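>>> Attaching a predicted model along with its sequence, questions to come.
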Amino acid sequence: MNSVPWKSGLWRLVRNAVLIAILASALGLALNSRLLWKVLTGRAVVASQTSPERGAEVALPLPVELEEVRELLGGNALLIDARTRDAYLEGHLPGARSLPRGANDEQLEIFHRQVPPDRPLIIYCSGYGCPDSFVLAERLLADGYRDVRVYEGGLPEWADAGLPVERGQR
Amino acid sequence: MRFDRILFQVCRQTLGGIFLYAGLIKAQDVVAFAGSVANYQIPFLSYQLNYLVAASLPYIEMAAGLLLLINRQVRPAALLLGVLDIIFMVALVSVLIRGLDIDCGCFRPGGEGHTTAQVALLRDVGFLALAAVTFFQPSWKKP
């Protein structure tokens, strides 16, 4: 092997490293193809977590951008924080109400009593890739709320835009 | 066995073990790991790309770690992990600069343990040293 010029040795090294990366990635993508397909076709994480298919007309929450959120808040839309209670107390969007993704029946019942089903809801959690807002949105849609939207950018995007964050109880 | 041979063997196996473990644990919950990736708020990583990274990165870590452990393709695997490690460090430095308070998501995504960017960065310096020793082992010859 000593006769191999240094450069061609290096070239083979890099080529093998790239090859390992490509083959391993291909394996990972293949093994996760079902999940990735859902993500790429916009059905995100929710599909894997709601087991029974409830027919084609199942309503999906509408994604909204930061600008739309600000416009909707000018109306009577209600912001909902789907993260844990602790995360909510540490900081949330101004005026947001806490309803954790894992809320129990009692918490949901109180929510139903206080919020009419025709009130527009905007649900958020800790940004892109966090499934809580989708899961909660599907639950509320199934419970009869008609206008349920998910703000995917969530608290991180809101705070990054320099908008105010509220702390503590509400 | 000479000291540098022992050092090389220890570095190779430690590095391999760590990355095999890191990959295994993340591969089990791709959705949570995609969330960890999203927390870094890297501008060119869209929502979908976060998932592509989350699905492939653990397998690269596992493959390179496994190759180091079974003593095959040692230099390419060490090179790959070194490059990955540098990418991680760049991401962590950008987290520090932007002042984001996130968990590094290096091992257990979405877990209770909160590893700050500083700690993760220090750890990555260590991994990089292991990768360098493994890669630059002067008396390295194919078995």
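In hand now; what should we look at? Since the structure is predicted, the reported quantities are computational estimates derived from the model, not experimental observations. Numbers count the residues shown, from 1 in each chain, chains lettered A, B, ... in the order given.

>>> List the contacts of A:Arg139.
For A:Arg139, the contact set (C-beta atoms under 8 Å, 6 or more residues apart in numbering or on different chains) comprises A:Leu108. Heads up, the C-betas are built off the backbone N, CA and C, glycines and all.

>>> counting contacts, what elements does the longest helix belonging to chain A pack onto?
Under DSSP state H, the helix in chain A containing the largest number of residues is helix A:6-31. Contacts defined by 3 or more C-beta pairs under 8 Å, 6 or more residues apart in numbering or on different chains; DSSP states H and E place helix A:6-31 against helix B:47-69, helix B:74-98.

>>> Pick the most buried one from the ones you listed.
Of these, the one with the most neighbours on average (mean count of other C-beta atoms under 10 Å in any protein chain shown) is helix B:47-69, at a mean of 23.

>>> What parts of chain A come near chain B?
Within reach of chain B by C-beta under 8 Å from any C-beta of the partner chain, chain A has these residues: A:1, A:13-14, A:16-17, A:19-21, A:23-25, A:27-29, A:31-32, A:35-36, A:39-40, A:45, A:48, A:126-131, A:152, A:156, A:160.

>>> Report the angle between the longest helix of chain A and helix B:74-98.
70 degrees (axes from the mean of the first three to the mean of the last three C-alpha atoms, to 10 degrees).

>>> now the helix or strand following helix A:6-31 and helix A:6-31, what's the angle there?
Note on helix A:6-31: by DSSP states H and E, the next helix or strand toward the C-terminus is helix A:33-40. Going by the same axes, to 10 degrees, helix A:33-40 is angled at 80 degrees with respect to helix A:6-31.

>>> quick check, A:Ile80 in a strand?
Yes. Under DSSP: H, G, I helix; E, B strand; the rest coil, A:Ile80 sits within a strand.

>>> how much space between B:Ala91 and B:Gly126?
Distance of B:Ala91 to B:Gly126, computed by C-beta to C-beta, to the nearest Å: 17 Å.

>>> Also A:Ala24?
For A:Ala24, the distance to B:Gly126 equals 23 Å [C-beta to C-beta].

>>> Of the two, give the one with the bigger neighbour count.
Using other C-beta atoms under 10 Å in any protein chain shown, the more surrounded residue of A:Ala24 and B:Gly126 is A:Ala24, with 23 against 13.

>>> need the contact list for the more buried one.
B:56, B:59-60, B:62-64.

>>> just checking: which of those residues also lie near chain A?
B:56, B:59-60, B:62-64.

>>> The helix or strand of chain B with the lowest mean pLDDT close to chain A?
None of the helices or strands of chain B scores lower by mean pLDDT, DSSP states H and E than helix B:30-39, at a mean of 82. Yes. Judged by C-beta under 8 Å from any C-beta, helix B:30-39 comes into contact with chain A through B:30-31, B:34-39.

>>> So which of those is surrounded by the most neighbours?
B:Ala34 (31 neighbours).

>>> Would you mind confirming that it makes contact with A:Gly129?
Yes. Counting by C-beta atoms under 8 Å, A:Gly129 is a contact partner of B:Ala34 at 4.6 Å.

>>> Near chain A, which residues of chain B are found?
Taking C-beta under 8 Å from any C-beta, the part of chain B that reaches chain A is made up of B:27, B:30-31, B:34-39, B:41, B:47-48, B:50-52, B:55-60, B:62-64, B:67, B:73, B:75-77, B:79-80, B:83, B:100, B:141-142.

>>> and chain A, what are its domains?
As recorded under automatic domain parsing, the domains making up chain A are A:6-48, A:55-160.

>>> Give me the distance between the closest residue to A:Leu35 other than its chain neighbours and A:Ser126.
Distance criterion C-beta to C-beta, 6 or more residues apart in numbering or on different chains; nearest residue to A:Leu35, sequence neighbours excluded, is B:Val30 at 6.1 Å. Distance of B:Val30 to A:Ser126, given as C-beta to C-beta: 18 Å.

>>> and what of A:Thr41?
24 Å.

>>> a helix runs through B:Asn71, doesn't it?
No. B:Asn71 is assigned coil when assessed by three-state DSSP, not a helix.

>>> Measure how buried it is and give me the count.
Neighbour count for B:Asn71, taken as other C-beta under 10 Å: 13.
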